[in-house]
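*Asks:* Fold the following for me, if possible:
(2 chains)
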Amino acid sequence: MADTVEIEVTDQEVEWLLDDLIDRYGYDFTDYSRASFKRRVTRLMSQDKFLSFAEFRYRLGEDATYLTRFVEQVTVNVTEMFRDPHFYKVLREQILPVLATWPMIRIWHAGCSTGEEVYSVAILLKEANLLHKSVQYATDINPSVLERARAGIFPLSQMKQYSENYILSGGRLDFSSYYTAQYNSVKFDDSLGRRVVLATHNLVSDGTFNEFQLILCRNVMIYFDKILQDKVTRLFYDSLETLGYLALGSKETIKFTTVFDKFQQLENRERIWRRVK
Amino acid sequence: MHRKERYTLLVIGGSAGALLTALDIISALKPSSALSVVVVLHRKQTQEDTLVDLLTARTLYRVKEVDDKDELEPGCIYVAPADYHVLLEKDSTLSLDDSEKVNFSRPSIDVTFESAAEAMGSKLMCVLLSGANADGVAGLIAAKRKGAFIVVQDPAASEFPVMPQQAISQVTVDMLLNPRNLPVLIDLLS
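*Replies:* This is a model prediction of the structure:
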């Protein structure tokens, strides 16, 4: 802890950085939660051992390959399978039976990161015998995490936790029947990834691209300020069929947004809304 | 030019052995039209509702677990949810963050102390309680630099003195907290 020196970044320097990112690369982080963004920047500078903010800014401005690392590190890519098992139980027991009545099910994972959630939902769809008539669109701002999602390979060390989560979510099968273990990794069954479309999509700047019956965006908008949360929630509204579902993380809300009255929250403790208007 | 600053935000951080002291502080707090409180305790995921209940039973303050972008209101106690860091923004809203653990902890006390110090400066009081790791110390250093008032539980009065001891060895502490001088702390916040 003591051997990494934290350089303090001023608010003015953050502004410069934000301007550079827009001007040079077209990435707009202006409406990200500022405290969190600043913390990520400071953390990255310390990890990569920059001696000053000026040096960091220069590198980012001159080296487009470093931009890839910047975006990867400043955005948060922590995810797990069947995180909040009760949420998946609600999906399994209350939402999928409704989705089953549509001839074709379209699901959007907005900010899917490395894809753990996509595989979790694929397992639910398979167990509900709906996988064949569903398509999951999984998008993220980072091309590199999408590559990992495509591979469907996850660390073996996580499987005990994921298996427990799976059972708590109402899963009745042997979780290990869904993957093949090799060395320190597991590869999930190809059939689970077959009906998944992966694409880069930036929630800040890209628009709607389809109509969905279910959008999952869990613990993504916590990194946005209220202005951007409003904009993105409107995007979700425009991308949902009437009576489609929007599922957010367990501590998120849409009550500050201008489309709040067009949604109705499900009556359980999960943060799931239905587009009613 | 010196006048006594009125504290508008109290952040209490603690780990192993901190719960009872945190409850003591909360139950002693006088009703206030200016003070908000954020509580960051390391604990198991299943205990969260219990902590809100425990606090609610002991105070007239409103107690709630933090939802993302909750606005800091006076007379309210905000409890950090399990598995999220809590950051204070400069517009007085609370942001949640589920990035990597810090000091093996999420919520991390450092993260909340640091962002609160940036946003509130000398209107902030940080209290670091009992614990068995070093979370909170870097946050206290940052908070001290921004002019916050620093309180650390007296190691002699701590069930797990490691965390307070780490803090005392690295930060100039404004007050050591023990059961005897709890009323002094409460006066500072009233």
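*Asks:* Residues of chain A that sit close to chain B?
*Replies:* Where chain A comes near chain B, counting by CB under 8 Å from any CB of the partner chain, the residues are A:1, A:33-36, A:38-40, A:76, A:78, A:219, A:221-223, A:225-226, A:229, A:249-253, A:256. Any C-beta I mention is one placed from the backbone N, CA and C, and that applies to glycine too.
*Asks:* mind running it again at 7 Å?
*Replies:* Counting by CB under 7 Å from any CB of the partner chain, chain A comes close to chain B at A:33-36, A:76, A:78, A:219, A:222, A:226, A:251-253, A:256.
*Asks:* are any of those residues buried, and which?
*Replies:* Buried members of the residues of chain A next to chain B, counted by 16 or more other CB atoms under 10 Å in any protein chain shown: A:33-36, A:76, A:78, A:219, A:222, A:226, A:251-253, A:256.
*Asks:* could you dump those to a markdown table with secondary structure?
*Replies:* Below are those laid out as a markdown table (DSSP: H, G, I helix; E, B strand; the rest coil):
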| residue | secondary structure |
| --- | --- |
| A:Ser33 | coil |
| A:Arg34 | helix |
| A:Ala35 | helix |
| A:Ser36 | helix |
| A:Val76 | coil |
| A:Val78 | coil |
| A:Asn219 | coil |
| A:Ile222 | helix |
| A:Lys226 | helix |
| A:Lys251 | coil |
| A:Glu252 | coil |
| A:Thr253 | coil |
| A:Phe256 | coil |
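*Asks:* Could I get the contacting residues of B:Thr112?
*Replies:* B:Val11, B:Gly13, B:Val38, B:Val40, B:Ala80, B:Val86, B:Leu87, B:Gly139 (CB atoms under 7 Å, 6 or more residues apart in numbering or on different chains).
*Asks:* Of the residues you listed, just say which sits nearest to chain A.
*Replies:* Distance to chain A, by CB to the nearest CB, is smallest for B:Leu87 among these, at 4.2 Å.
*Asks:* so what secondary structure elements neighbour the strand or helix carrying the closest one?
*Replies:* In the assignment (DSSP states H and E), B:Leu87 maps to strand B:85-88. Applying 3 or more CB pairs under 7 Å, 6 or more residues apart in numbering or on different chains; DSSP states H and E, one finds that strand B:85-88 contacts helix A:34-47, strand B:93-97, helix B:109-120.
*Asks:* want to throw the residues of chain A next to chain B into TSV with pLDDT?
*Replies:* Below are the residues of chain A next to chain B laid out as TSV (pLDDT from 0 to 100):
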residue	pLDDT
A:Ser33	97
A:Arg34	96
A:Ala35	95
A:Ser36	94
A:Val76	93
A:Val78	89
A:Asn219	97
A:Ile222	98
A:Lys226	96
A:Lys251	96
A:Glu252	97
A:Thr253	96
A:Phe256	91
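*Asks:* Can you tell me which of these lies closest to A:Asp48?
*Replies:* A:Val76 (17.2 Å; CB to CB).
*Asks:* What parts of chain B come near chain A?
*Replies:* Residues of chain B lying near chain A (CB under 7 Å from any CB): B:66-69, B:81, B:84, B:87-90, B:95-100, B:115, B:118.
*Asks:* Quick check: ChimeraX command selecting the buried ones in those residues.
*Replies:* Buried residues within the residues of chain B next to chain A, by 16+ other CB under 10 Å, are selected in ChimeraX with:
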select /B:66,67,68,69,81,84,87,88,89,95,96,97,98,99,115,118
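*Asks:* where along the chain do the strands fall?
*Replies:* Using chain A here. In chain A, the strands defined using DSSP state E lie at A:105-110, A:134-140, A:153-155, A:179-182, A:185-188, A:196-200, A:212-217, A:240-248, A:263-265, A:272-275.
*Asks:* Not quite, go with chain B.
*Replies:* Using DSSP E, strands in chain B cover B:9-14, B:36-41, B:62-65, B:70-71, B:76-79, B:85-88, B:93-97, B:124-128, B:149-153, B:175-177.
*Asks:* And the residue of the stretch 101-250 of chain A that's closest to chain B?
*Replies:* Taking CB to the nearest CB, the stretch 101-250 of chain A has A:Ile222 as its residue nearest chain B, at 4.6 Å.
*Asks:* List the residues that contact that residue.
*Replies:* Contacts of A:Ile222 (CB under 7 Å, 6+ apart): A:Gly249, A:Glu252, B:Asp68, B:Ser95, B:Leu96, B:Asp97.
*Asks:* The first one: what's it in contact with?
*Replies:* Spelled out, it's A:Gly249. By CB under 7 Å, 6+ apart, the contact set of A:Gly249 is A:Arg218, A:Asn219, A:Ile222, A:Arg271.
*Asks:* my guess is B:Lys30 meets B:Leu185, correct?
*Replies:* No - with contacts defined as CB atoms under 7 Å, B:Lys30 does not count as touching B:Leu185, sitting 11.6 Å away.
*Asks:* The two: which is more packed in?
*Replies:* B:Leu185 (19 against 10; other CB atoms under 10 Å in any protein chain shown).
*Asks:* Next, the contact list for the residue sitting nearest the centre point of chain A, please.
*Replies:* Nearest to the mean C-alpha position of chain A, by CA atoms, centre = their mean, lies A:Gly111 at 2.9 Å. If you count contacts by CB under 7 Å, 6+ apart, A:Gly111 has them with A:Asp140, A:Leu203, A:Cys217, A:Val220.
*Asks:* Output the contacting helices and strands for the least confident helix or strand in chain B by mean pLDDT.
*Replies:* None of the helices or strands of chain B scores lower by mean pLDDT, DSSP states H and E than helix B:48-56, at a mean of 85. Helix B:48-56 is packed against strand B:62-65, strand B:76-79, with contacts defined by 3+ CB pairs under 7 Å, 6+ apart.
*Asks:* List the contacts of the last one.
*Replies:* I take that to be strand B:76-79. Contacts for strand B:76-79 (CB under 7 Å, 6+ apart): B:26, B:36-39, B:51-52, B:55, B:59, B:61-66, B:70, B:94.
*Asks:* Of those residues, select the buried ones using a ChimeraX command.
*Replies:* Per 16+ other CB under 10 Å, the buried members of these correspond to this ChimeraX selection:
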select /B:26,36,37,38,39,51,52,55,59,61,63,65,66,70,94
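*Asks:* Test my guess that B:Leu94 contacts B:Val86.
*Replies:* Yes - contact criterion CB under 7 Å: B:Leu94 and B:Val86 qualify, at 5.7 Å.
*Asks:* picking up where we left off before, reformat the strands of chain B as a markdown table; add mean pLDDT and distance to A:Phe56.
*Replies:* Shown next, in a markdown table, are these (pLDDT from 0 to 100; distance: least, CB to CB, whole Å):
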| stretch | mean pLDDT | distance to A:Phe56 |
| --- | --- | --- |
| strand B:9-14 | 98 | 29 |
| strand B:36-41 | 97 | 29 |
| strand B:62-65 | 96 | 36 |
| strand B:70-71 | 96 | 32 |
| strand B:76-79 | 97 | 33 |
| strand B:85-88 | 98 | 21 |
| strand B:93-97 | 97 | 21 |
| strand B:124-128 | 98 | 28 |
| strand B:149-153 | 98 | 30 |
| strand B:175-177 | 97 | 38 |
